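> Following is a predicted model, sequence given first.
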Amino acid sequence: MNSPRVLQLFAAGVNCDRELAFAWSEAGATVEQVHIRKLIQMPEKLRECDVFSIPGGFTYGDDLGAGKILAMEVERFLGDELLALHDRGGSIFGTCNGFQILVKAGLLPGVDGVEASLTWNRTHRFECRWTRLRVEKGASKHLPEGSILPAPSAHAEGRLVLANPSKALVTLQEAGCIAFTYADDSGSPTTEYPACPNGSLEAIAGLSSPSGRILGLMPHPERNLSPLHLPDRGAGEWGTGGEGLDFFRAFLAPYTLQKQGLNAH
């Protein structure tokens, strides 16, 4: 098999799986979707993939909080295999509910002494709107730092909060774990609504692990793969429509090179 292998999780309430699987496929990956029940029975399947992917949705109805129930299953039954996947050079990715799951399972930000969670938007309602994401250090392996990735947001509990925020923010910045921030139309980070739809601390839209190989974000880059996906149909205000596909290709690039027998570094 000469293409990167993506294993994508499925569970009750997932509703963005086809879009994310399509994005990985368009970026050059072979995608297998597996139900959480099967994966709990066969966690060794994680040894077969390069990337483990968690899509968005409202898993288990978000009954105990967004992503909380699935996060507990992931942490308890898959945690060791996921850490082993990361330790051998694999990656873990989550968008929207997937990001909430990675945070609540303790896989992000993965920095000692930093406790993070995601809670209700400041508007206390579901926000569905296009946003501009500024690429920060934590995602600079995939896209140029300071560049803009347009992506739709669609969530009710996307506001990032930190325990002991002043100290935790410094720690995250020093570890290079802030991956994306919400930006205004000039490309500057902002916490102002509606450019920042949730009021997230320091406009944080996504986090990465210190290695950069565990990454999650609230907005949906898989919904920006073509100019036809953009609100202005590629007129220029919202980019070219290729930024999302560029992101997924870059995320897969080390594994694509490995399959071709080339050194990713």
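Yep, it's here. Numbering: from 1, shown residues only.

> How many residues are close by the nearest residue to Val111 once chain neighbours are set aside?
Nearest non-adjacent residue to Val111, counting by CB to CB, 6 or more residues apart in numbering: Ala175, 5.1 Å away. Every residue, glycine included, has its C-beta placed from N, CA and C. Here the number of neighbours of Ala175 (other CB atoms under 10 Å) works out to 18.

> which residues does Ala175 contact?
Applying CB atoms under 8 Å, 6 or more residues apart in numbering to Ala175 gives the contacts 109, 111, 210.

> Over to Ala163?
114-116.

> pLDDT score for it?
On the pLDDT scale, Ala163 is placed at 96.

> Tell me how far it lies from Phe180.
Separation of Ala163 from Phe180 (CB to CB, to the nearest Å) stands at 21 Å.

> Make sure Gly206 is indeed in a strand.
Yes: the secondary structure assignment for Gly206 places it in a strand, going by DSSP: H, G, I helix; E, B strand; the rest coil.

> Name the nearest residue to it, sequence neighbours excluded.
Leaving out its chain neighbours, Gly206 is closest to Leu217 (CB to CB, 6+ apart), at 2.9 Å.

> So what sits opposite the one you found in the bridge?
Thr95, Gly206 (DSSP bridges).

> looking at it, it is touching Thr181, isn't it?
No: Leu217 lies out of contact with Thr181 (CB atoms under 8 Å); the separation is 10.3 Å.

> Need the residues touching each of the two.
Overlap between the contact sets of Leu217 and Thr181, as judged by CB under 8 Å, 6+ apart, is given by 133, 205.

> For the two, indicate the residue with more neighbours.
Neighbours around Leu217 and Thr181, counted as other CB under 10 Å, are more numerous at Leu217. The numbers are 28 against 21.

> any idea how far Val111 is from Thr95?
21 Å.

> who's more crowded, those two?
For Val111 and Thr95, the more surrounded residue by other CB under 10 Å is Thr95, and the numbers stand at 28 against 18.

> List the residues that contact the more buried one.
Applying CB under 8 Å, 6+ apart, we find Thr95 in contact with 16, 20, 54-56, 216-222.

> Next, work out how far apart the closest residue to Glu75 other than its chain neighbours and Ala235 are.
On the basis of CB to CB, 6+ apart, the spatially nearest residue to Glu75 that is not a chain neighbour turns out to be Ala105, at 4.2 Å. As for Ala105, its distance to Ala235 is 40 Å (criterion: CB to CB).
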